[in-house]
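*Asks:* sharing a model that was predicted from the sequence below.
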Amino acid sequence: MQTTIRSAASFAGVGLHSGRPARMTIHPASAEYGIWFRRTDVEDRDAMVPARWDAVEAAPLCTRLVNHAGVTVSTVEHVMAALAGCGIHNALIDIDGPEVPILDGSAAPFVAAVVSRGLRRLRAPIRAIRVLEPVEVRNGDAAARLDPADGLEIDFAIDFSDAAIGRQHKALHMANGAFVHELCDSRTFCRLADVQAMQKNGLALGGTPGENAVVFDGDEVLCPGGLRHDDEPVRHKMLDALGDLALASCPILGRYTGVRAGHTLTNTLLRTLFARPQAYRVVLCDAVTAAKLPGMGVGRADIAGLPRAA
C-alpha cells in the first residue's frame, strides 16, 4: 500500500547555494497525489512544482525543478532521498523560498522528522518501474546505468585527486532500511578550491564546514569532528542518486550504477529510460515485491541517534 506521513514536519534554514533562509513543511497527502512542492511566497502565478524527472532543469551542483510558469525549487535531492528512503509516496511540501534548507548537509534531519511522526498506509497499491533492459548514458569519464534487478540496488564509484577522498566504491541493496541505516547521515562535500571558486560566483553562500558541508583540501578534512563514515563522500553520492531517481515518480526496480555521476547525468539516464518504452514496464507491487522497496518496514527504532533539525 502507498504511504504518507501522519502529521506535518517543519524545517528552517539557509540554502546551501543561495544562502537565503527558507521555511519548509512536509504535509501528508492522499493516495495517488505524488510529491509536489508549493512555493508559498509566489502569488502571481502557478506556485505548484511537480517532483518529476521531466520538471528538472540544468543547474550547477544540485537538482532544480521548474514548472510551466517558471517557478523553481532547488536542491531537492536530499529531501527527495529522505522521502524515498522512508517509503513515502505522497506529500505536499510547502516552501517559502527557491531553495530547500540544507540543514546539516545530509538527509538525516528529514528522515528523523518524518519517521518520528509516523507513516500512514493508504488504500492504493504501489506502482513501480521495472527495468527490463540495460540503459546507460555517459559524459566523458562519468557514466550512469540501469540494469534489471528484483529491487533497487545502488552501486557507486568516485575518484578524486584529493588524498582525503581518493577512490571510493560502495554497493547496497536498498531494502530493509538500508538508506536510513547506511546513507542518510552522509553530508554533502566539496573541495576547498571549489568552495572558493563558487563563492566568487555567488554560489555556496550558505555552506559552513562542519555545519552543513564537509570540505576537503588535499589530505585534510576541514570539518570539526571529522567524518561520520570513512567513505562518507561515496555514501553521499549514493544518497544524491536515490533522491534523483525518486523523481521517476515511482520506485525503481533495477540496479543503478554510477561512476563519477552527478545530478545531471542521473536525470539524463531517466530521460533516456522513459524515451525507450521497451526498456521498462510499470507494475503493481505484490507483498513480496513491496517488501524489497526502500523504506518498507522503517520505524522509530531505526532513527535512534540520527542528527535532528535544530
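*Replies:* That came in fine, so what should we check first?

*Asks:* neighbours of R120, how many?
*Replies:* 15 (other CB atoms under 10 Å). Quick note: C-beta positions are derived from backbone N, CA and C, even for glycine.

*Asks:* also A241?
*Replies:* 26.

*Asks:* list the helices and strands the host helix or strand of it packs on?
*Replies:* Per DSSP states H and E, A241 falls inside helix 232-245. In this structure, helix 232-245 packs against helix 77-85, strand 152-159, strand 167-173, strand 189-191, strand 252-259, helix 263-274, with contacts taken as 3 or more CB pairs under 8 Å, 6 or more residues apart in numbering; DSSP states H and E.

*Asks:* can you rerun that using 10 Å?
*Replies:* Identification of packing neighbours for helix 232-245 by 3 or more CB pairs under 10 Å, 6 or more residues apart in numbering; DSSP states H and E yields helix 77-85, strand 142-147, strand 152-159, strand 167-173, strand 189-191, strand 214-217, strand 252-259, helix 263-274.

*Asks:* between these, which gets nearest to G118?
*Replies:* G118 lies closest to helix 77-85 among the helices and strands packed on helix 232-245, at 14.5 Å (CB to CB).

*Asks:* the closest one vs helix 263-274, what angle?
*Replies:* Calculated by axes from the mean of the first three to the mean of the last three CA atoms, to 10 degrees, helix 77-85 forms an angle of 50 degrees with helix 263-274.

*Asks:* mind saving the C-alpha coords of helix 77-85 as PDB?
*Replies:* Only the C-alpha atoms of helix 77-85 are listed here, as PDB (Å, rounded to 0.1, in the frame of the first residue of the first chain):
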ATOM      1  CA  GLU A  77      17.700  15.900  -3.800                       C
ATOM      2  CA  HIS A  78      18.200  15.400   0.000                       C
ATOM      3  CA  VAL A  79      14.500  15.700   0.900                       C
ATOM      4  CA  MET A  80      13.500  13.500  -2.100                       C
ATOM      5  CA  ALA A  81      16.000  10.900  -0.900                       C
ATOM      6  CA  ALA A  82      14.600  11.000   2.600                       C
ATOM      7  CA  LEU A  83      11.000  10.500   1.300                       C
ATOM      8  CA  ALA A  84      12.100   7.700  -1.000                       C
ATOM      9  CA  GLY A  85      14.300   6.100   1.600                       C
END
